[in-house]
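Student: need a structure here:
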Amino acid sequence: MSDVCCGTAAIEIERFTGREQTGTLPIVVIGAGPVGLAAAAHLAERGLDFLVLETGPQAGASVAQWGHVRVFSPWKFDIDAAARRLLEADGWTAPDPDWLPTGAELISDYLAPLAELFGDRIRLNAKVTAISRLGYDRVRSSGRDDVPFLIRLDGGEELQARAIIDASGTYTSPNVLGASGLPAHGETGVFVDHALPDVLGTDRDRYEGRRTLVVGAGHSAATTLLALAQLENTPITWAIRGGSAGRTYGGGEADALPARGALGTRLRAHVDSGRIRLLTGFFTHRVHAADEGVEVVSRDPSGAERTVVVDRIISATGYRPDHSIASELRLDLDPILGSTRRLAPLIDPNLHSCGTVPAHGVDELSHPETGYYAVGVKSYGRAPTFLLATGYEQVRSVVAALAGEWEAARQVQLDLPETGVCSSTLAEAQEQRLGLATGISGGLPATPLPLAAASASTQGGCCG
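Tutor: Model prediction:
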């Protein structure tokens, strides 16, 4: 019988490897989206060994899901500096710096050629299901920083790494339809489409002529509503929890970003004309299939209920990070946003828009688990104030730190226009040439694309 009451403290684990041996392992990047590939570019420039693990079948797999959407950051803000240098050295010609690319263009003109440079250092269809330390659970401390990370893939394969840059994003973990942060009763029993279906393209048959409910008050909801309004004989209901749609409408003609103001003005016009039925104070509580369609029941805080019957539901309620793969690591997460505790006050959407978030880097992204960094939109937790350019500066700083260049790592800076990177002039110019203004925020979608276009922001008025 042990003479120590708690066995964990007394367990002796044979040291698998020393710090020097761990240092010979690759740095693993999770996710081959824009920020993950930017991290790979910085690692390549510094001569650090790396491996990128991408869940999907291609680089930019999540971006491909909104390929029909046009971002509202022009190309000059969408390309990482290290990635640009590597591509240009290979004979690549950069796109028009003032053009607002679609998600599909972002892949074909940038991410795909960048990924090609890295060859077999990118593994596709490699889904990470768990991360830990080799021989260590979250409780054990002695010698922890000297052992490698252990990465388990969905097929059972296990890999080791000296450090991890988690750029897996949030696109596959959308917020629930139900109010209060909980799934609505029956939500999983009916089909709910998440933000930005291609209602004017590949998904048109699913929505045209069908009673459609859009839930959410951000610009993803707004631009989806504008696209739906172009479909003939398609009744549209828009449900929001707030008592007013003023936040979504924005400042109209007085908005500092005219394209964003135009988005709200168009939406308001459709609501005022009756083309879109607006339900305020709607707290989705229960969803179930009925003979006449899908019944969506709201129950407000007082207990009062009301019901809307529809054929299709689009949930544009935002995204949240999934930290479950890192549950055996020591993370210091802000209890509200789910970002690191040090980053949270810098990105709080109650205080900041995307254009006012200060530059930040390795110090703000560090966890008690040395060598693990969540970057990109995942690093922001539930804050919708992320910009691609911000993510690029994050990975530049983190990679510099991993290379031991701490002075460079801490010299963080971000050169953005005063209004962020929402270029209203460019948006208006492309709108005149191509059609309805559309956009995505921070490299995340905010608007479906009818032909092509430009524009505004997603939740909370963020730009990007």
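
Student: how many neighbours does Leu53 have?
Tutor: Taking other CB atoms under 10 Å as the neighbour definition, Leu53 ends up with a count of 23. Bear in mind the C-beta positions are built from the backbone N, C-alpha and C, glycine included.

Student: report the beta-bridge partners for it.
Tutor: Under the criterion DSSP bridges, Leu53 forms beta bridges with Ile30, Arg123.

Student: contacting residues around it?
Tutor: The contact partners of Leu53, by CB atoms under 8 Å, 6 or more residues apart in numbering, come to 28-31, 123, 126-128, 151, 153, 159.

Student: try 7 Å
Tutor: By CB atoms under 7 Å, 6 or more residues apart in numbering, the residues touching Leu53 are 28, 30, 123, 126, 128.

Student: now the fourth one: how far from Leu329?
Tutor: The one in question is Ala126. 19 Å (CB to CB, to the nearest Å).

Student: the stretch 301-450 of the chain: helices as residue ranges?
Tutor: Ranges of helices within the stretch 301-450 of the chain are 344-347, 362-365, 388-402, 406-410, 424-434, based on DSSP state H, counting those that start in this stretch.

Student: average pLDDT across the first one?
Tutor: For helix 344-347, the per-residue pLDDT values average out at 94.

Student: just the buried residues of that helix, please?
Tutor: Residues of helix 344-347 classed as buried: 344, 346-347 (neighbour count, 16 or more other CB atoms under 10 Å).

Student: output that helix as CSV, nothing but the C-alphas.
Tutor: C-alpha atoms of helix 344-347 as CSV (Å, rounded to 0.1, in the frame of the first residue of the first chain):
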residue,chain,number,x,y,z
ALA,A,344,-9.8,39.3,-23.8
PRO,A,345,-9.8,43.0,-22.9
LEU,A,346,-8.1,43.9,-26.1
ILE,A,347,-10.8,42.3,-28.3
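
Student: mind checking how far it is from the chain centre?
Tutor: Computed by CA atoms, centre = their mean, to the nearest Å, the chain-centroid distance of helix 344-347 equals 17 Å.

Student: just stretch 399-408 next, same as before
Tutor: Computed by CA atoms, centre = their mean, the chain-centroid distance of stretch 399-408 equals 26 Å.

Student: quick one on the thing from earlier: could you flag which of the contacts of Leu53 are buried?
Tutor: Among those, the ones that count as buried by 16+ other CB under 10 Å are 28, 30, 126, 128.

Student: contacts only, for the second one.
Tutor: So that's Ile30. For Ile30, the contact set (CB under 7 Å, 6+ apart) comprises 53, 128, 164, 166-168.

Student: just the residues you listed now: which is nearest Ala229?
Tutor: Distance to Ala229, by CB to CB, is smallest for Ser168 among the contacts of Ile30, at 34.3 Å.

Student: in a strand, the closest one, correct?
Tutor: No - counting by DSSP: H, G, I helix; E, B strand; the rest coil, Ser168 falls outside a strand, being coil.

Student: tally of neighbours for it?
Tutor: Using other CB under 10 Å: Ser168 sits among 29 other residues.

Student: which regions of the stretch 51-200 of the chain lie under the pLDDT threshold?
Tutor: Within the stretch 51-200 of the chain, the segments meeting pLDDT under 70 span 72.

Student: same question for the stretch 251-400 of the chain.
Tutor: Across the stretch 251-400 of the chain, residues meeting the criterion (pLDDT under 70) sit at 251-262, 354-355.

Student: which of the contacts of Leu53 sits closest to Thr265?
Tutor: Taking these together and measuring to Thr265 by CB to CB, the closest member is Ile30, at 40.8 Å.

Student: quick revisit: can you list the helices of the stretch 301-450 of the chain in CSV and add distance to Asp145?
Tutor: Below are these laid out as CSV (distance: least, CB to CB, whole Å):
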stretch, distance to Asp145
helix 344-347, 25
helix 362-365, 16
helix 388-402, 14
helix 406-410, 16
helix 424-434, 47
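
Student: quick one: the strands in the stretch 101-250 of the chain?
Tutor: 122-123, 128-133, 149-153, 158-161, 163-166, 193-194, 212-215, 236-239 (DSSP state E, counting those that start in this stretch).

Student: give the contact list for Leu365.
Tutor: 340, 343, 373-375, 379, 394, 398.

Student: those residues in strands, which ones?
Tutor: If you go by DSSP state E, the contacts of Leu365 have 373-374 in strands.

Student: what about the closest residue to Ile347 other than its chain neighbours, how many residues nearby?
Tutor: Spatial nearest neighbour of Ile347, chain neighbours left out: Ala383 (4.4 Å); criterion: CB to CB, 6 or more residues apart in numbering. Here the number of neighbours of Ala383 (other CB under 10 Å) works out to 28.
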